[in-house]
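Visitor: okay, sequence plus prediction incoming.
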Amino acid sequence: MSVQEYLDKHMLSRRIEDAVNAAVRAKAADPVLYISNHMRRATPSAITKVKARKILDSRGIPTVEVDLYTNKGMYRATAASVNLDKIYDFSEAREGELGKYVGNTVSKFVKHINERIAEALIGLDPTVQSQIDRVLVDLVKEDPKSELGPNATVAVSIAACKAGAAEKEVPLSKHIADLSGQSRVQLPVPAINVINGGKRIENNIFAQDIMILPVGANTFEEAMEMVVESYSHLKAIVLEKYGQSGCSLGERDGLAPNVSDLKEALDLVKEAIDEAGFHGRIKMAVAVGVANLRDGNNHKTTFKSTVVEDLVRIYTQLCSDYSIVSIEDPFDENDWESFKQFTQLGVCQVVGDQLLISEPKHIDRAISESACNALLLKMNHLGTVTEAIELANKAKMAQWGLVVSHTRGETEDTFVADLAAGVGAGLIKAGGPCRGELLSNQLLRIEDELGEQAAYAGENWRPCP
């Protein structure tokens, strides 16, 4: 093929002429660079390669990282892992090969991605997220015995989403907002973990997390300032009352003082907020996770009562005494009646995590029965970005609160922050101010990038009850 034939086949003469004319009109200071960039944008993007590998998460457990290549660049994503007890038949697929990472190796998923998924995605347009995710979902359905679950698909889907944003030359959060039909990006209120309890902590707090919500801030930056100052006061109070051991960090990045009960822990947080000068501007939230505290037919608590009716009374009183505005998983995941009873009291936002596990049929049931009024959305409960967006929109259509959450087993990937801002979540569970800084830092970057267009959820963090 001659040079002229090659130029004619690919219409290069016309494209080069268009690029030169554009450079002239723009009075480009560097015509060669301008023409190069113009030609690059004029070329449709397509996926050319998908490469997966095994990396370690924040707990030292293997998980999957994916590099997705297009003809214009490489985009990396990781899948935060999760451990579930096969609730509602959902489980994170693991290989169970004892002797290799204590049964937690992910080599099988890496192999699936590098062979089956990569082949299926070559040539697809990364801006069409729904098409990519449909291919991933279909692959899972074709061979359910392969255990090709979220561990294999979620990182690929996230990488494709990043590639799509790059092709559109927009921030990732804006790309997600476009995909979800949101008119703007909204910075969520950070739900910051300050004290940990539950079965993994050797104290007497039956709840897993106590969080602070800076709803009275005007910007996300101000919100983080309020959080850091309150946390510093809390750490000083704990140090004085419980010694250095009380300042050790729990698995969820909060402090773990050896308090006598939940009320004592809440008193510490309340004192810290008041000392920092944010009384009324910072609210509290509690993640109970009663499913993890089950003992036969009763709920294990450090209170004297052991029946559901008493738990309802206790929660109602706590919301009144401590300005608690949100409680996550206050009852067992199978106890729909108790969820309904408490939600209908309207004393706070009731968040479904283990009750729903981001499963559409359970969300539909909860909406129809008013079993809760907020969704906890975790990417690693799902397989694709499209599914996450669909569930977020379902919750918002139901006038529910939307809480996007990190999870144990995080990596340095900050996609969850962009997801929360893009879908317009009211809250983001971002971990603690120590060790949980990755998501908060990404949200600070998003706010800075948006400038005057930045909108912080603040007092409007949930639909009016």
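Guide: Good, I have the coordinates. In this text, all values refer to a predicted model and were calculated from it rather than measured experimentally.
Visitor: give the next helix or strand downstream of the top helix by length along the chain.
Guide: Ranked by residue count and defined by DSSP state H, the top helix of the chain is helix 220-242. Towards the C-terminus, the helix or strand next in line after helix 220-242, according to DSSP states H and E, is helix 262-276.
Visitor: which parts of the stretch 1-150 of the chain are helices?
Guide: 3-9, 12-26, 31-42, 107-112, 118-121, 129-142, 150-168 (DSSP state H, counting those that start in this stretch).
Visitor: minimum distance to residue 406: which of these has it?
Guide: With C-beta to C-beta as the measure, helix 150-168 is the member of the helices of the stretch 1-150 of the chain nearest residue 406 (13.8 Å). All C-beta atoms are positioned from the backbone trio N, CA, C, and that covers glycine.
Visitor: what residues sit buried inside the closest one?
Guide: Buried residues in helix 150-168, counted by 16 or more other C-beta atoms under 10 Å: 150-167.
Visitor: swap in stretch 276-286?
Guide: The neighbour-count criterion (16+ other C-beta under 10 Å) identifies 276, 278, 281, 282, 283, 284, 285, 286 as the buried residues of stretch 276-286.
Visitor: ok, the second one - contacts?
Guide: Spelled out, it's residue 278. Contacts were defined as C-beta atoms under 8 Å, 6 or more residues apart in numbering; by that measure residue 278 touches 214, 216, 226, 229, 230.
Visitor: from these, which is closest to residue 428?
Guide: Sorting the contacts of residue 278 by distance to residue 428 puts residue 214 at the head of the list, at 11.9 Å, by C-beta to C-beta.
Visitor: what's the neighbour count on the closest one?
Guide: 26 (other C-beta atoms under 10 Å).
Visitor: any idea how far it is from residue 430?
Guide: Summarising the geometry, the distance separating residue 214 from residue 430, computed by C-beta to C-beta, to the nearest Å, is 12 Å.
Visitor: contacts for stretch 160-173 next, please.
Guide: Counting by C-beta under 8 Å, 6+ apart, stretch 160-173 makes contact with 41, 45, 47, 68, 70, 72-73, 75-77, 121, 125-129, 132-133, 174-176, 178-179, 185, 385, 415, 417-418, 421-422, 446, 449, all of which sit outside it.
Visitor: quick check: mean pLDDT of that stretch?
Guide: Computed over stretch 160-173, the mean pLDDT rounds to 96.
Visitor: next one: that stretch to chain centre, how far?
Guide: Mean C-alpha position of stretch 160-173 versus that of the full chain (C-alpha atoms, centre = their mean, to the nearest Å) differs by 18 Å.
Visitor: now do the buried residues in the helix or strand hosting residue 321.
Guide: With elements taken from DSSP H and E, the one containing residue 321 is helix 308-322. Residues 308, 311, 312, 314, 315, 318, 319, 322 are the ones in helix 308-322 that count as buried (16+ other C-beta under 10 Å).
Visitor: hmm, the third one is touching residue 337, no?
Guide: No. Contact between residue 312 and residue 337 fails when scored by C-beta atoms under 8 Å: they sit 10.9 Å apart.
Visitor: ok now do residue 195, which residues does it touch?
Guide: When contacts are taken as C-beta under 8 Å, 6+ apart, residue 195 is in contact with 205, 209, 210, 234, 250, 254, 255, 256, 257, 265, 268, 269.
Visitor: any chance of CSV for these, columns neighbour count, distance to residue 333 and pLDDT?
Guide: Shown next, in CSV, are those (neighbours: other C-beta atoms under 10 Å; distance: C-beta to C-beta, whole Å; pLDDT from 0 to 100):
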residue, neighbour count, distance to residue 333, pLDDT
205, 26, 20, 84
209, 26, 17, 91
210, 26, 21, 93
234, 27, 31, 95
250, 22, 22, 70
254, 29, 23, 84
255, 28, 27, 87
256, 25, 25, 83
257, 26, 28, 88
265, 26, 24, 93
268, 23, 29, 96
269, 25, 27, 97
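Visitor: okay if I get the residues you listed as TSV plus distance to residue 401?
Guide: What follows is the contacts of residue 195, written out as TSV (distance: C-beta to C-beta, whole Å):
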residue	distance to residue 401
205	24
209	17
210	18
234	25
250	25
254	22
255	26
256	28
257	29
265	24
268	26
269	21
